[in-house]
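[1] take this sequence and fold it.
(chains A and B)
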Number of protein chains: 2
Amino acid sequence: MKAFSTVVVAGFMLLTVWLYTSGASNGKVDYPEGYRQWTHVKSMVLLKGHPLYETFGGIHHVYANTKALAAMKAGKSYPDGSVLVFDLLEAKMGNNAIVEGARKVVGVMQKDSRQFTETGGWGFEGFKGDTRERVVQNAKTACYSCHTSQKENDYVFSTYLK
Amino acid sequence: MKAFSTVVVAGFMLLTVWLYTSGASNGKVDYPEGYRQWTHVKSMVLLKGHPLYETFGGIHHVYANTKALAAMKAGKSYPDGSVLVFDLLEAKMGNNAIVEGARKVVGVMQKDSRQFTETGGWGFEGFKGDTRERVVQNAKTACYSCHTSQKENDYVFSTYLK
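    Predicted coordinates for the structure are as follows:
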C-alpha cells in the first residue's frame, strides 16, 4: 500500500511538472524567453503595397523551439509545448539595401491543445517591440482566421529552410 | 620520473585534441557543418544597384557558433575556433514581398590565428550553393581587403541583433 501511495504521489509530481513545462500559463501565451537562441527557420520581407503591410510590414524572422522544429522537419503535427516565433523588425530601405531596424512585434504561436481549443490548439499572441505588452485582442479573428488556410500544415505557414 | 612522463604524454594528447578541434584543416577553412542550428545574428538584403550586388545580391543571414557569439556579444576579439557564416540566398521579389530562393553561397570566416596570419587571423571561404565546392580564389583580395575596414571589430561587420 505504501508503494502504491509512492507511485501515486510520484505520478502527481510528474503531472505537475508536465503541466508546468508544456502548458501555457492560465490560457495566456507565454513570452518566448530566449527565442533568439532558437533555430532560425526562414525570413521574409513585406513591402509597402502588400495586403498585410499595415500589420506585418518589415522583415520578419521565424524561430522554432526544439519541439516545434522536430515536428516541422518531420512534417508532423506539432506536439503541445511547440512554440514558433515571428520576430518582426522594421525594414529600412536605402542605398539599394534593406537593413533591420527596431523590433515591431514578437508574434508567438504556442501549442497547447487543452487550452486553445477554439483556435486549432494554438495560442496566438503578439508582444509589442521589446516589451512584454500584449497586443492581440482577439486571436480568433486577428490570427486564427488567416492561419486556417494552413490547416493541413497544423495551421503553420512556415517551412524550414534547409 | 614516471609521473613526469605521464604529465608530458597527457600534455601532448591535450595539445593534439586542441589542434584538432580549434584549427582549420591544413590551412583550409572547414565547411561549417550544422551552422543552420547556430544562433542567427542578423540579416540584410542587397538589391540591384548596390555596389556589392554582383557578388552578394540577395538576402543573407549571418550565423555564429558558440565561441564567435560569445565574443561578438562581449565586444571582444574572437578566439581561435570562432566561426561566422554568411548564408546568401536568392531574394525573390514579387507581389510587394521578398521571399527566399535558392542558396547562392555559404560564406565562412574561421578564426585560426596560427594558420591565417596574412588575413587578420581569419580564414575566408565560400562554398557554392548547397555544395562543398570552394569558390574563393584569393581570400586576401576577394575578402580581407574589404574586411580590413572593420579592423577595430576584429574584421567582423556584423553586430548581434538582440
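
[2] from now on I want contacts and neighbour counts done on CA atoms only, so please keep to that.
    OK.

[3] neighbours of A:K140, just the number please.
    17 (other C-alpha atoms under 10 Å in any protein chain shown).

[4] name the SS class of it, please.
    helix (DSSP: H, G, I helix; E, B strand; the rest coil).

[5] phi, psi of the closest residue to it other than its chain neighbours?
    For A:K140, ignoring the flanking residues on the chain, the nearest one in space by C-alpha to C-alpha, 6 or more residues apart in numbering or on different chains is A:T119 at 6.2 Å. A:T119 has phi and psi values of phi -130, psi 50 when expressed as degrees, to the nearest 10.

[6] next one: A:A68
    According to degrees, to the nearest 10, A:A68 has phi -70, psi -40.

[7] ok, A:V136 touching A:K128?
    No. Using C-alpha atoms under 8 Å, A:V136 is not in contact with A:K128, being 9.6 Å away.

[8] next secondary structure element downstream of the single longest strand found in chain A?
    What stands out as the longest strand in chain A, according to DSSP state E, is strand A:97-111. The first helix or strand that comes after strand A:97-111 along the chain, using DSSP states H and E, is strand A:122-128.

[9] so that following strand, near chain B or not?
    No. Strand A:122-128 lies out of reach of chain B by C-alpha under 8 Å from any C-alpha of the partner chain, never closer than 14.8 Å.

[10] and the helix or strand just after that strand, what does it pack onto?
    Heading C-terminal from strand A:122-128, the first helix or strand you meet, by DSSP H and E, is helix A:139. Applying 3 or more C-alpha pairs under 8 Å, 6 or more residues apart in numbering or on different chains; DSSP states H and E, we find helix A:139 packed against strand A:122-128.

[11] pull the strand it packs on out as PDB, backbone CA atoms only.
    Output in PDB follows, covering the C-alpha atoms of strand A:122-128 (Å, rounded to 0.1, in the frame of the first residue of the first chain):
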ATOM      1  CA  TRP A 122      -2.600  27.000 -30.900                       C
ATOM      2  CA  GLY A 123      -2.400  30.200 -28.700                       C
ATOM      3  CA  PHE A 124      -1.600  33.300 -30.700                       C
ATOM      4  CA  GLU A 125      -0.100  36.400 -29.100                       C
ATOM      5  CA  GLY A 126       2.000  39.500 -30.000                       C
ATOM      6  CA  PHE A 127       4.300  41.300 -27.700                       C
ATOM      7  CA  LYS A 128       5.000  44.900 -28.700                       C
END
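
[12] got a list of contacts for that strand?
    A:28-29, A:31, A:104-113, A:116, A:133-136, A:139, A:143-144 (C-alpha atoms under 8 Å, 6 or more residues apart in numbering or on different chains).

[13] sort out which of those residues are buried, if you could.
    Among the contacts of strand A:122-128, those classed as buried by 16 or more other C-alpha atoms under 10 Å in any protein chain shown are A:29, A:31, A:104-113, A:116, A:134, A:136, A:139, A:143-144.

[14] ok, what's across the strand from the residue nearest to the spatial centre of chain A?
    Taking C-alpha atoms, centre = their mean, the centroid of chain A lies closest to A:M109, which sits 2.5 Å from it. When bridges are called by DSSP bridges, A:M109 pairs up with A:L84, A:F124.

[15] could you show which parts of chain A are in contact with chain B?
    A:36-40, A:42-50, A:95-100, A:162.

[16] filter those down to the buried ones and hand me the ChimeraX line.
    To isolate the buried ones among the residues of chain A next to chain B in ChimeraX, judged by 16+ other C-alpha under 10 Å, type:
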select /A:36,38,39,40,42,43,44,45,46,47,97,98,99,100
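
[17] cool, thanks, talk later.
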